[in-house]
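Trainee: pasting the sequence and the predicted coordinates here, then a few questions.
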Amino acid sequence: MKVEVRRQPQSQAVLEVELPAEEVTRAVEKAGRRLAQRVAIPGFRRGKAPRAIVERYLGRERLIDETVDLLVNDGYTRAVNESGITPVGRPEIDVQTEQVQEDAPLRFVATVDVAPEVDPGDYRSIRLAREDATVTDEDVEMAVEDLRLRHATLASAGDTAAARGDFVLVQVLEAAPGLPRLSSGKEVLVEIGSGVHPAELEEGLIGIRHGEQRTIALGNDGGQMVVSASDVKRRTLPALDESFARQVGAASVEELRGGQRARMAGEAETRAIDAYESAVVAAVLERATAELPKTLVEHEAEHLFADLLETLGRRGLTLESYLRAAEKTEEQVREELSATAERRLRTQLVLDEIARRESIAPSEQEITAEVENLAQSLQQDVARVREWLDDERRRDALVRSLRRRQTIQHLVALASGTETHKEDA
């Protein structure tokens, strides 16, 4: 067998394969035997008909098709092993030989996506400063005010017109398509300006009064709904005093402010760490090169789209209602998901290559701790989670995820100048 390999852009490889005539001859005989086993030929027991009879009964084209399948499947596998490439996905096969003959070689070309070559660049020289996490007095007061809002009571506003921040109890008289939560006959409490419901609905309720009926247009597709206001409710905030502080678990207003400051400081620190990690990874990706196969990106994007549909379904939404609220087309959403898929795959490949170069791999103790953390987050017994992870693919995915997180921590240590050598650690 002769094999020539050509690399092409977007991580593709082209294998030009020539199989010798003797292999073709053997494959024709084997194809005849296989067809004789599968097809009942009158006058012969299954599998006992001579090749000439099989060919006469089924036609030469059927015999040659079976021969080509045998040769291409086996030849492609051997060509991949001989060339040393790592295929990703299924190949496209183009048989070059027009007339397949027993005493002549067979040529075919296989085009296949291959695992991309990744160069992480000079990631060790990256140095980034990290911004300090700060919490201002104004931040604290806004948090306390938000706490008062969450403990506010709703009271009927009587005949007062609804304004932003008010709640309107609406009766849906005529529903718009694609909004199951707002189907006809339902009574729904809508907070104006919350963003929970379609913006056109919330904005369309401004100024409505108790008992008033309105027809509200939704988007530019002609959809509309008819609602009636059963009541308009307005918030009454609790006084900021010792009684309110005790209600939310603090001994005094000052202790309430201190608790909010401590909570916000922790959250700000977490956000600062996440932002710094993201900045470091972005800096690494700017220096890295990884040419992704198109089919790999398409496959990942389809996964993301399926996840989106599942998430919408759990929330009782349809794709149509989501597209209307986001003011996007399905094509635009798919393009965005494709870009997300490409970034995710590039990130994973670059982190995996850095992990390989830096010999980063989680220990068994670290994997055990990760399993225990997973069990705790899922509120499941550790033994049950271990049993679930007995599937090799699930365990491998867990280990890959842990190794990538460790790689990011290593890159953060390099970028911040806090790297500790393994022998020192």
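Mentor: Perfect, I can see it now. Residues are numbered from 1 along each chain as shown.

Trainee: burial count for the closest residue to Ala361 other than its chain neighbours?
Mentor: Using Cβ to Cβ, 6 or more residues apart in numbering and skipping the chain neighbours, the partner closest in space to Ala361 is Arg403 (6.0 Å). Heads up, the C-betas are built off the backbone N, CA and C, glycines and all. Other residues lying near Arg403 total 19 when counted by other Cβ atoms under 10 Å.

Trainee: before we move on, which element is Arg403 in?
Mentor: Using DSSP states H and E, Arg403 sits within helix 392-416.

Trainee: how about residues contacting that helix?
Mentor: With contacts defined as Cβ atoms under 8 Å, 6 or more residues apart in numbering, helix 392-416 is touched by 123-124, 126-128, 130, 276-277, 280-281, 283-284, 348, 351-352, 354-355, 358, 360-362, 366-367, 370-371, 374, 388-389, 419-420.

Trainee: tell me the domain ranges of the protein?
Mentor: Using automatic domain parsing, the domain ranges for the chain come out as 2-115, 119-151+252-290, 153-236, 291-416.

Trainee: for the ones you listed, which one sits closest to Glu242?
Mentor: Of all those, domain 119-151+252-290 sits nearest to Glu242, with 5.9 Å by Cβ to Cβ.

Trainee: so how far is that closest one from its chain's centroid?
Mentor: 24 Å (Cα atoms, centre = their mean, to the nearest Å).

Trainee: and it, what's its mean pLDDT?
Mentor: Mean pLDDT, domain 119-151+252-290: 94.

Trainee: and it, end to end?
Mentor: 7 Å (Cα to Cα, to the nearest Å).

Trainee: can you start the count at 36 instead of 1 from here on
Mentor: Let's use 36 as the start, then, which means that last one is domain 154-186+287-325.

Trainee: in the chain, which residue is closest to the centre?
Mentor: Leu339 (3.9 Å; Cα atoms, centre = their mean).

Trainee: tell me which element it falls in.
Mentor: helix 329-349.

Trainee: who touches that helix?
Mentor: By Cβ under 8 Å, 6+ apart, helix 329-349 touches 45-46, 123-124, 148, 353-354, 357, 368-369, 372-373, 375-377, 379-380.

Trainee: of the residues you listed, which belong to strands?
Mentor: Among the contacts of helix 329-349, the members falling in strands (DSSP state E) are Asp148.

Trainee: just the contacts of helix 329-349: which are in helices?
Mentor: In helices, judged by DSSP state H, the following of the contacts of helix 329-349 are found: 354, 357, 368-369, 372-373, 375-377, 379-380.

Trainee: between those residues, which is closest to Gln415?
Mentor: Arg379 (26.9 Å).

Trainee: rewinding a little: let me have the domains of the chain in JSON lines, extended by distance to Ala280.
Mentor: Putting these into JSON lines (distance: least, Cβ to Cβ, whole Å) gives the following:
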{"stretch": "domain 37-150", "distance to Ala280": "60"}
{"stretch": "domain 154-186+287-325", "distance to Ala280": "4"}
{"stretch": "domain 188-271", "distance to Ala280": "17"}
{"stretch": "domain 326-451", "distance to Ala280": "32"}
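
Trainee: hmm, which of the contacts of helix 427-451 are the buried ones?
Mentor: 158, 161, 311-312, 315-316, 318-319, 383, 386-387, 389-390, 393, 395, 397, 402, 405-406, 409, 424 (16 or more other Cβ atoms under 10 Å).

Trainee: of these, which belong to helices?
Mentor: Using DSSP H, those in helices are 311-312, 315-316, 318-319, 383, 386-387, 389-390, 393, 402, 405-406, 409.

Trainee: check those residues and tell me the two furthest apart.
Mentor: Ala318 and Val406 (32.0 Å).

Trainee: could you turn the buried ones of the ones in helices among the contacts of helix 329-349 into a PyMOL selection?
Mentor: A single PyMOL command selects the buried members of those (16+ other Cβ under 10 Å):
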select buried, resi 357+368+369+372+373+376+377+380
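
Trainee: and the least confident of the ones in helices among the contacts of helix 329-349?
Mentor: Lowest pLDDT of the ones in helices among the contacts of helix 329-349: Tyr357, 88.

Trainee: next, the angle from whichever helix or strand Gln295 is part of to helix 427-451.
Mentor: In this structure, Gln295 sits in helix 288-322 according to DSSP H and E. Inter-element angle recorded for helix 288-322 and helix 427-451: 100 degrees (by axes from the mean of the first three to the mean of the last three Cα atoms, to 10 degrees).

Trainee: I'd like to know which elements helix 288-322 is packed against.
Mentor: helix 172-185, helix 277-282, helix 365-393, helix 427-451 (3 or more Cβ pairs under 8 Å, 6 or more residues apart in numbering; DSSP states H and E).

Trainee: what residues of that helix count as buried?
Mentor: Neighbour-count burial for helix 288-322 flags 288, 291-292, 294-296, 299, 311-312, 314-316, 318-320 (criterion: 16+ other Cβ under 10 Å).

Trainee: let me know the angle separating it from helix 172-185.
Mentor: Using the same axes, to 10 degrees: helix 288-322 against helix 172-185 is 110 degrees.

Trainee: what's in contact with the helix or strand just after helix 288-322?
Mentor: Scanning forward in sequence from helix 288-322 by DSSP H and E, the next helix or strand is strand 324-325. If you take Cβ under 8 Å, 6+ apart as the criterion, strand 324-325 is touched by 151-154, 156, 381, 384-385.
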